[in-house]
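Engineer: Got a sequence here, can you model it:
(4 chains)
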Number of protein chains: 4
Amino acid sequence: MKYLSWGLIGGGEGSQIGGTHRIAAQLDGKFCLKAGALDIDRDSGKAFAQRLGIAADRAYGDWREMLEAEKNREDRLDLVTIATPNNSHYEIAKAFLQEGFDVLCEKPLTTTVEQAREIVVLAENRGRICAVNYGYSGYPMVRQCRAMVARGDLGKIRVVVAEFAHGHHADESQADNPRIKWRYDPAQAGVSSVLADAGIHALHLACFTTGQEVSSLAADFASTVEGRQLEDDALLAFRMSGGAVGRLWTSAVAVGRAHGLTIAVYGGKGGLRWQQEQPNQLLWSPVNGATVTLERAASDLEQESLSASRAPIGHPEGFFEAFGNVYVGLAEALLARQSGRKERNAVLHYPTADDGFRSVAAVHAAAQSAGLGGIWVDAVSGKALS
Amino acid sequence: MKYLSWGLIGGGEGSQIGGTHRIAAQLDGKFCLKAGALDIDRDSGKAFAQRLGIAADRAYGDWREMLEAEKNREDRLDLVTIATPNNSHYEIAKAFLQEGFDVLCEKPLTTTVEQAREIVVLAENRGRICAVNYGYSGYPMVRQCRAMVARGDLGKIRVVVAEFAHGHHADESQADNPRIKWRYDPAQAGVSSVLADAGIHALHLACFTTGQEVSSLAADFASTVEGRQLEDDALLAFRMSGGAVGRLWTSAVAVGRAHGLTIAVYGGKGGLRWQQEQPNQLLWSPVNGATVTLERAASDLEQESLSASRAPIGHPEGFFEAFGNVYVGLAEALLARQSGRKERNAVLHYPTADDGFRSVAAVHAAAQSAGLGGIWVDAVSGKALS
Amino acid sequence: MKYLSWGLIGGGEGSQIGGTHRIAAQLDGKFCLKAGALDIDRDSGKAFAQRLGIAADRAYGDWREMLEAEKNREDRLDLVTIATPNNSHYEIAKAFLQEGFDVLCEKPLTTTVEQAREIVVLAENRGRICAVNYGYSGYPMVRQCRAMVARGDLGKIRVVVAEFAHGHHADESQADNPRIKWRYDPAQAGVSSVLADAGIHALHLACFTTGQEVSSLAADFASTVEGRQLEDDALLAFRMSGGAVGRLWTSAVAVGRAHGLTIAVYGGKGGLRWQQEQPNQLLWSPVNGATVTLERAASDLEQESLSASRAPIGHPEGFFEAFGNVYVGLAEALLARQSGRKERNAVLHYPTADDGFRSVAAVHAAAQSAGLGGIWVDAVSGKALS
Amino acid sequence: MKYLSWGLIGGGEGSQIGGTHRIAAQLDGKFCLKAGALDIDRDSGKAFAQRLGIAADRAYGDWREMLEAEKNREDRLDLVTIATPNNSHYEIAKAFLQEGFDVLCEKPLTTTVEQAREIVVLAENRGRICAVNYGYSGYPMVRQCRAMVARGDLGKIRVVVAEFAHGHHADESQADNPRIKWRYDPAQAGVSSVLADAGIHALHLACFTTGQEVSSLAADFASTVEGRQLEDDALLAFRMSGGAVGRLWTSAVAVGRAHGLTIAVYGGKGGLRWQQEQPNQLLWSPVNGATVTLERAASDLEQESLSASRAPIGHPEGFFEAFGNVYVGLAEALLARQSGRKERNAVLHYPTADDGFRSVAAVHAAAQSAGLGGIWVDAVSGKALS
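Structural biologist: Predicted coordinates:
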């Protein structure tokens, strides 16, 4: 066992996402933070990096400086995480991939569909990993759901219902708070707000759990707070590649929902329901049977779920452990490649650039549909269907 | 206090809906069953009526016989409930209203929009009550929700999320069971299946709790079980007369949801959430505050809710008491009219023919929208909106 | 089918328990209220009785008057319910039983053990029913629990955990409210307060669900609000006739528990858990398996539970329906005796005088134990066990 | 910021507790594992230590070897965690404390009361920390509970109800499994099984949340599976130093309870309820008010709770983060002492040797009481109270 060396871009002092990545990456003793360009303010970033234990010569003022220095080191970073503002993801990911680094990029992968496609191709051409942090897919019971669907326990999947509702942008008195306001400014946030920010996770779970992709969709966007130019509430109907019917609701004004990400999958033989806020349970309802509460770490769960668990049954795991599982999957893939052995890819998942691309495309397609009065569009190209 | 005399059409022995009406109507000692035409089989109906304590001369073989005999009696029925198959509602309601009876009709009021409109006008012209049994609006915590919205506790309503999901038609091996199959046959069920049967209750609650009407909508219908010609899963986006944005999902293939009727109302000052299967609690989330569990019969609830409660806090009330509240509201209206006093209409609600008409129209509009690729239509006329 | 004629003593206007009995008895159309002595105030009682539809000549000023008049009628009351203050139960029940009436007495059956024993013997000698209203045993899922235990699904019962906690006497500023104060006055309430009032229901459920009786017990009584002479919080350890170990906590100062009656039964093959506030679900946990949520009215439940259900799965039933099931059981027993047929006693339960006697004895034994420093005592005689 | 250097004794490969300590200690980047004697098998322990990144010269064959080598190093370990079998805690803790190390010992601190008292005195005399891992006290909402009680939100505490029920020893077919059997063998497990193993955590929470100590108690022990010499189910009544009344139930045969640790505190002004399996919520019920669900990381929580939180509201934290908070508290204390500054002891808690001593004493007292027929005993000395 060796520690993989890890670099972080963005995630400066006080940032939530930076702290999350540091806990998630180091939780299992698989990665060790060795280099970083952590802050938009050069000096703050360097100072903070050193307080985190990064050597002075690997505490950088910005990502370009980091790239220049790191690309020539013998003790190369095994993985670089990009946790900067959304509109910089493309440029940074591209630059590091081009120099042969493996990358984990925060979502959304990019802000345009074309950029996302380019990153997918680039990573493939260079033979590098470009993962995207749909970290909720790391929850053990989400993986149990995926495994049960894959094994056929639910029969043919008929309907997927995904939801990500919160109320953090409901307070009108905070609408001009810069930390909220930019999210509804098309110049900064792009074509979509709550769907791109929150709903995209629900959409990813719909794909992850069913193993199907979104093929077409129709959307309704609503701005419920005066002055917002982008949607703070959206509804999507969609169809998936394997025939499943999809329903997705996402909202930023659902007061009382703290972080309401849920997924339900209904098939001909049974249904499964899961909610992020109580993530250690998965409800399994076989057709004509009573509902069973599956508990994380129960001995008869699928290996795909058990391999993502650390604590025994009844000892709750949470958000950090879920995100940590993305790093576990990456560590496995990196170590497998380094040692030339086969990756145990089947059970140690991490979301890929392709997931990132498809999600970005679906968000753009939804914005397209909503703008055209809710007509059905292709989920990748955004083109109107007959 | 006097018992109001009550007649029942349909609801023969073994029928669920008949038993429900008998319990709901008689629960509070306000109505007493005095006449009935209970069964499609004349003799069974008459025999059953007498076993229920109806006098032999008021136990009828069919509704026409009942109408002929009852219309000339001095001790007229105060209320006639129609609990027959859907396609007979129009004819029976019309006939009884024309003779000056007050009527409670099972939902849907009629099978066509035109018939529904006709009933509304007829009841108005004759000065008779034509109520429609959206009985879930009788739950005390649904009424608490309505009262809090009306009082402005939630501020301006932004989003309403209604759901009615069950899995009772999910079992493919039962798809040809006649009790299920007819529901997906347009010749018998009309333009819609699960929306007309289940989702319509959720739609009514969206209107009842907000005091707004559905003005426009866009729908997606899906048939997920082979051979079905009508939808067993539907998604609606809608807009309401007071500016609220609506989302509605209904399904008959959601395995594991027993009777999943829920309503959530989100406004600028707070949100409320309720689910039918745990009806004694209402979750209240003020903006920036913690979620509070309001309990039925708590002393600080609104009068509108308390007047619909019978048992003290912590002693659960259920489905029969909710439906009973529709009868309580009708008794109040009938007694008020009989005694020439003002009806305390504000708090003792019952759903009216107008509610019935609007619901039927919305279902037809949704079918129209779904058939046209999900475009937005007027919720009353079903006409495409540019 | 005929209506059984029913008389009520106590339960005047505005009393909660009176309204409950009227709804519960008449819910299913089995009993019809024909006579009553409803109030301590003669005139109020007679007036209220007539407003409830009782004929003037059967609206009595007090129970003695009622007994005198009713005992000679040809159309005798089939059942008399006693819902008067506790200390009058004995005298009234005795008087009516002696004249050959069947009786349903509110709990506690009597205020002393000797009186309770006398009633048991009297009812037996006269061949009359003396039921006691442990109405929570009427919940369909409590009966499911009993049936599963009886069938052996849980194996040998090891531990029973019963609880009845509420917080309605927690507010110190209300301690002198007469409606609360008398409960802590030994002169009025006897040897026990919260155990006799609330915990006794939990104790009954422990017996009802397991089919075992309490054989010995040790108790701790605490008075947590200054000035109270009787306990407002109690803990019992007990042993049952079939070897089960018992734990019971009851409290009147558990702020936040509205009506917290729960029962859990753990055996060698599985465990069951139920709580009164969500009465339509029963949690079933087989050894080494996941927990299953059994839903009232699911088609594979035991007949004992299904026969106590009225509404389909997912349509909640509550408190009134549970109490109504006691009346259903009584109706069955009365009709069976009247028609000379065998009573279907196995599934249509009602709690008997013997249940009432044992409960009263156990409460007295617990007071005895608590007074002697928590030593173990015989649950019937209250005598110290060596 | 510097990493504190950390040593681990016990917790070899595959042990659950070892993995838990490694995650908990390193989660926040405060401790770095530098030395260890991890396994009863010398070679396995040394090999595993090196796989974990410990230098070869600090990977020891046993704890004596570790103590000898480490006590003379300049770069002394800042903390040594003892995660060995219970009966070795005393000897190892004593040896390391005597050489001036700070220690975190797994619970129970020792197997006898005398040993525990000796450790308390020794730590005090040497001026060293001896913490005991009652890790559940690290949950942010447990700390919120403590803070609200301390601030007086609940008024005078009347009743504390603590519970730790699981069903992991219910399967009779596993009774002879050595991993279970030793727990019921007095020679190996001492005077108590489930109370010493599980219930002790509930007892600690009762003390931690109220700030009171257990002063007297009465206990009932039951062995419900044939052949067991120690209790697998126990009930305790107790009284606390501040006047609170206590109730505690613990069980190892409660099938369906996975890891059922709960605490409820009821005072004159309100009540609080928390359960370990859904640890991010705390139910707060003010007298005469509705129940409020407090969510971890809500901005208006007490600093004592917020300082124990890492993720935003709605992103669940779990077991590892709770245990990690014990390490956070220790890091703060160690760093404060090293830098000569005042420790922010008020909010960054860790359970102390005194907590460990009192718990061990209470377990022995309970065994004493149970053996004497449930009489009340002093919770420290175990002596019978008149």
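Engineer: Relative to the centre of chain A, pull out the residue lying furthest away.
Structural biologist: Centroid-distance maximum for chain A: A:Asn288 at 34.7 Å, with CA atoms, centre = their mean.
Engineer: Mind checking if the helix or strand hosting A:Ser285 is in reach of chain D?
Structural biologist: Remark: A:Ser285 resides in strand A:281-286, with elements defined by DSSP states H and E. No. Strand A:281-286 does not reach chain D (CB under 8 Å from any CB of the partner chain); its nearest approach is 8.9 Å. Using the backbone N, CA and C atoms, a C-beta is placed for each residue, glycine as well.
Engineer: neighbouring strands for that strand, and are they parallel or not?
Structural biologist: strand A:270-275 (antiparallel), strand A:291-295 (antiparallel) (DSSP bridges).
Engineer: I'd like to know how far the residue farthest from the centre of chain A sits from chain B.
Structural biologist: According to CB to the nearest CB, to the nearest Å, A:Asn288 and chain B sit 6 Å apart.
Engineer: which residues does that residue contact?
Structural biologist: Shown in contact with A:Asn288 (CB atoms under 8 Å, 6 or more residues apart in numbering or on different chains): B:Asp171.
Engineer: and it, that one's in a strand?
Structural biologist: No. Going by DSSP: H, G, I helix; E, B strand; the rest coil, the assignment for A:Asn288 is coil, not a strand.
Engineer: Which one of the strands paired with strand A:281-286 lies nearest to B:Asp153?
Structural biologist: strand A:270-275 (26.3 Å; CB to CB).
Engineer: buried stuff in the closest one?
Structural biologist: Buried residues in strand A:270-275, counted by 16 or more other CB atoms under 10 Å in any protein chain shown: A:Gly270, A:Gly271, A:Leu272, A:Arg273, A:Trp274, A:Gln275.
Engineer: Relative to chain C, how far out is the third one?
Structural biologist: Using CB to the nearest CB, we find A:Leu272 at a distance of 13 Å from chain C.
Engineer: So that residue is in contact with A:Gln281, correct?
Structural biologist: No. A:Leu272 lies out of contact with A:Gln281 (CB atoms under 8 Å); the separation is 11.0 Å.
Engineer: contacting residues around stretch A:71-89?
Structural biologist: For stretch A:71-89, contacts defined as CB under 8 Å, 6+ apart pick out A:4-11, A:15, A:17-18, A:21, A:25, A:31, A:34-35, A:63, A:70, A:92-93, A:96, A:99-106, A:108-111, A:129, A:188, A:190, A:330, A:334.
Engineer: And the residues you listed, which of them are buried?
Structural biologist: A:4-11, A:17-18, A:21, A:25, A:31, A:34-35, A:63, A:70, A:92-93, A:96, A:99, A:101-106, A:108-111, A:129, A:190, A:330, A:334.
Engineer: Go through those and flag which are in helices.
Structural biologist: A:Ile17, A:Gly18, A:His21, A:Ala25, A:Trp63, A:Glu70, A:Ile92, A:Ala93, A:Phe96, A:Leu330, A:Leu334 (DSSP state H).
Engineer: ok, which residues in chain A are in contact with chain D?
Structural biologist: Looking at chain D, the residues of chain A close enough under CB under 8 Å from any CB are A:1-3, A:16, A:19-20, A:22-23, A:26-29, A:51-53, A:166, A:258-260, A:276-280, A:295, A:310-321.
Engineer: And A:Ile313, which helix or strand is it part of?
Structural biologist: A:Ile313 is part of no helix or strand when elements are defined by DSSP H and E.
Engineer: so how many other residues sit close to it?
Structural biologist: Residues contacting A:Ile313 under the criterion other CB atoms under 10 Å in any protein chain shown number 17.
Engineer: Angles on the backbone of it, please.
Structural biologist: Per-residue torsions, A:Ile313: phi -50, psi 140 (degrees, to the nearest 10).
Engineer: re earlier: take the buried residues of strand A:270-275 and write them to TSV, including pLDDT.
Structural biologist: TSV is the format used below for the buried residues of strand A:270-275 (pLDDT from 0 to 100):
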residue	pLDDT
A:Gly270	98
A:Gly271	98
A:Leu272	98
A:Arg273	98
A:Trp274	98
A:Gln275	98
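Engineer: If anything else comes up later, I'll come back, but that's it for now.
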